[in-house]
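> with the input below, show me the fold.
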Amino acid sequence: MPSSTFLTAEWSGLLGVTYATDAALLEPHLPRGVEIDVLDGAPRVSLVAFRFRHTRVRGIAIPGHVNFPEINLRFYVRLDGERAVVFIREFVPRRAIAWTAKIVYNEPYRRVPMREILRTGDQLEVRHRFGPQLGSSVHAWADPAGEQPLLDTPEHWLTNHGLGVGRARDGRARSYRVEHPLWGLHTVRNLRVDVDFAELYGPEWAYLSTAEPSHVTLAAGSDVLIYPARDV
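All right, here's what the predicted structure looks like:
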């Protein structure tokens, strides 16, 4: 493991539910110097639910903060021509994780109650319940075997990025590199989304509660390496 690595973990069962959106909704979250990217002519926003496992920060496993779910709402950008993601909000079940990410790194983390199910067998089942009184949920059933997406497909565009981009308190972009192999994707056969987007993300996102997803992906996941953020 390179000495400069900030965080190592395994990300598993990454369920992404993607919608077309309006650039005007994304611009308040856009760090300075970063451009909104588009897929088939439209910006996209994705609800992504997955699990951290075997998490270590600078090689240290912090008790009680090694295995946990995360659900984020993100969109897609370019920084100096490189594809990246920006997070609108990131939910985790641990207060210490949310506090550290928000206060120390200015990342948009919040702590909410969360429950998750991951079952394998004839079908792969992924279910996340989250939010106040666990009133929101996303539930998918997929083929148990996955295949790597072809280059220049929407599935590859949605699940493979080299950078995450945050915003410093003065509005400047802060980028951090994320490394992982190309993930296999499971074909999702059934999906149920019951999310109160207005309650969780703000009234401007209420339309997503009744919108039809443009794409649904379920990535197998892998080990990941995350490097320290740098100001751009």
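
> every contact and neighbour count from this point should use C-alpha atoms.
Fine.

> ok, and the closest non-adjacent residue to residue 15?
residue 218 (4.4 Å; CA to CA, 6 or more residues apart in numbering).

> pretty sure the one you found contacts residue 186?
Yes: assessed by CA atoms under 8 Å, residue 218 is found in contact with residue 186 at 5.4 Å.

> surely residue 74 is in contact with residue 46?
Yes: using CA under 8 Å, residue 74 is in contact with residue 46, at 5.4 Å.

> and the residue nearest to residue 15, what is it in contact with?
Counting by CA atoms under 8 Å, 6 or more residues apart in numbering, residue 218 touches 13, 14, 15, 16, 142, 185, 186, 187, 188.

> please redo it, this time with the cut-off set to 10 Å
Residues in contact with residue 218 (CA atoms under 10 Å, 6 or more residues apart in numbering) are 12-17, 48-50, 124, 126, 140-143, 146, 155, 159, 183-188.

> residue 142: which element?
Element membership for residue 142 (DSSP states H and E) is strand 136-147.

> ok, back up a step: out of the contacts of residue 218, which are inside strands?
12-17, 48-50, 124, 126, 140-143, 146, 185-188 (DSSP state E).

> quickly list what's touching both of residue 74 and residue 46.
Common neighbours of residue 74 and residue 46 (CA under 10 Å, 6+ apart) are 18, 87, 88.

> next up, the contacts around the nearest residue to the second one once chain neighbours are set aside.
By that I understand residue 87. Excluding the flanking residues, the one nearest residue 87 by CA to CA, 6+ apart is residue 74, at 4.3 Å. By CA under 10 Å, 6+ apart, the contact set of residue 74 is 18, 26, 29, 44-48, 85-90.

> select only the buried ones of the residues you listed in ChimeraX?
Burial among these is assessed by 16 or more other CA atoms under 10 Å; the matching ChimeraX selection reads:
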select :18,26,29,44,45,46,47,48,85,86,87,88,89,90
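
> rebuild the contacts of residue 74 as a markdown table, extending it with secondary structure, pLDDT and distance to residue 4.
Shown next, in a markdown table, are these (DSSP: H, G, I helix; E, B strand; the rest coil; pLDDT from 0 to 100; distance: CA to CA, whole Å):
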| residue | secondary structure | pLDDT | distance to residue 4 |
| --- | --- | --- | --- |
| 18 | strand | 98 | 33 |
| 26 | helix | 98 | 32 |
| 29 | helix | 95 | 28 |
| 44 | strand | 98 | 32 |
| 45 | strand | 98 | 31 |
| 46 | strand | 98 | 30 |
| 47 | strand | 98 | 30 |
| 48 | strand | 98 | 27 |
| 85 | strand | 98 | 22 |
| 86 | strand | 97 | 22 |
| 87 | strand | 97 | 23 |
| 88 | strand | 97 | 27 |
| 89 | strand | 97 | 26 |
| 90 | strand | 96 | 24 |
